[in-house]
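Engineer: Let me see the structure of the following:
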Amino acid sequence: MPITPYHGGFGLITKGIFLRGFSLLGFCAGQVAVDLESGYYLLRDEWPYHRSLHTFLGATIMCTIAIALCRRVAIRRRWSFGNIPIFSRLLEQDLDVLRSRSGTVATIFLAVVGHVVPDGIMHSDVRPFAPLTDYNPFHGLVSWATLHLSLVVVGGIGAVAILVRWWMEEERGPASSRATSRSRRTFLVALMLGSTLASCSGPYVRKYEHAVADNRRRFQELRLKMSRAQVDEVMGVGDLVRYKKIHLANPWRSEAATMRDGTNVTVLYYVTDGYQWHAWSEQRVLTPVVLENDRVVGWGWEYLERNHARYFAPDPSAR
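Structural biologist: Residues are numbered from 1 along each chain as shown. Okay, the predicted model is just below:
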């Protein structure tokens, strides 16, 4: 799956703050475990990529399993890395957090929050509170650029905080050697690289989500009595995104009918949310625009449902 520093930034700043109360290795294990789901669907090109494990419930289950395995390692095994014993000691120091129940619970909680919330902000297919609701209150809270920059910055701050706090502990203990400093840097780099495996996004997914956001913005430019040509000019026509199974076109689909009085009715459906692959959630995904005799008379599901029977009722004379 694509490598990005987003979740790792959250993990590093948390470790920098709660050095002895949070396991960064456990956090990384939880992130990778949750993203096995999106990695699987990315490899199969099956949209959506973020499903049940990218909910608070699913992520809690997966992070609990992954961090419980780390806790078992912390309790039962000793690390040995030959000529760099400090590496072994620092690994044990991080994993020792999981020997306590409070450290384990804190790591699980922060691993879940640190994964679901950033992904919820970035991806329209994340449903954090499923199966209770499909509503995603985090999506679009901040721009992608702001999210990316913020997590990279706090990750850098966290990395510095970890180094400083380890250095202060070493100063209080036995004198550190050059090997100790090199091993500490190596350990930090390993943790950062492990953390970067924690997020998932692709250029075509981003392009799709941007196109959906553009559709929502364009709806604000629609006016009553616009012609079909004017609607096409505002909303755009044809494929906006097409890459394997990632597809978005304007309009997504359309319906047409002729009423008994000869009025021609056309309904154009546009994708305004990211869940167009689920037919049952069509009303969340699509927004209809209704035209009578090539002029816009209304849009939205409330308007269409109020007039649907009049537009599409079967003609008794045709029987």
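Engineer: Scan this structure for its longest helix.
Structural biologist: As far as residue count goes, and with DSSP state H defining each element, the longest helix of the chain is helix 144-172.
Engineer: Buried residues in it, which are they?
Structural biologist: For helix 144-172, the buried set under the neighbour-count rule, 16 or more other CB atoms under 10 Å, comprises 147-148, 151, 154-156, 158-159, 161-162, 166, 170. (Each C-beta comes from the backbone N, C-alpha and C, glycine too.)
Engineer: Could you dump those residues into TSV and include distance to T272 and pLDDT?
Structural biologist: Written out in TSV, the entries for those read as follows (distance: CB to CB, whole Å; pLDDT from 0 to 100):
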residue	distance to T272	pLDDT
L147	22	83
H148	25	80
L151	28	88
V154	32	89
G155	34	88
G156	37	88
G158	37	87
A159	40	86
A161	42	87
I162	43	84
W166	49	76
E170	56	65
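Engineer: can you list those in TSV and add distance to C70?
Structural biologist: Rendered in TSV, the data for the buried residues of helix 144-172 read as follows (distance: CB to CB, whole Å):
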residue	distance to C70
L147	27
H148	28
L151	23
V154	23
G155	21
G156	25
G158	19
A159	21
A161	22
I162	18
W166	20
E170	24
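Engineer: Between all of those, which two are separated the most?
Structural biologist: Among the buried residues of helix 144-172, the pair separated by the greatest distance (CB to CB) is L147 and E170, at 34.6 Å.
Engineer: how many neighbours does V97 have?
Structural biologist: Using other CB atoms under 10 Å, V97 is surrounded by 25 other residues.
Engineer: Next: R310.
Structural biologist: The burial metric for R310, expressed as a neighbour count using other CB under 10 Å, is 11.
Engineer: V289 now?
Structural biologist: Here the count is done by other CB under 10 Å, and V289 has 25 residues near it.
Engineer: Next one: it from L304, what distance?
Structural biologist: Relative to L304, V289 is positioned 9 Å away (criterion: CB to CB, to the nearest Å).
Engineer: just how off-centre is the longest helix of the chain within its chain?
Structural biologist: Offset of helix 144-172 from its chain centre (CA atoms, centre = their mean, to the nearest Å): 23 Å.
Engineer: try stretch 115-128
Structural biologist: Put simply, stretch 115-128 sits 3 Å off its chain's centre (CA atoms, centre = their mean).
Engineer: swap in stretch 208-217?
Structural biologist: Taking the mean C-alpha point of stretch 208-217 and that of its whole chain, the gap between them comes to 16 Å (CA atoms, centre = their mean).
Engineer: mind listing what's buried in that stretch?
Structural biologist: Of the residues in stretch 208-217, those with enough neighbours to count as buried (16+ other CB under 10 Å) are 208-209, 211-213, 215.
Engineer: In strands, which of those residues fall?
Structural biologist: Secondary structure of the buried residues of stretch 208-217 is defined by DSSP state E; no position falls in strands.
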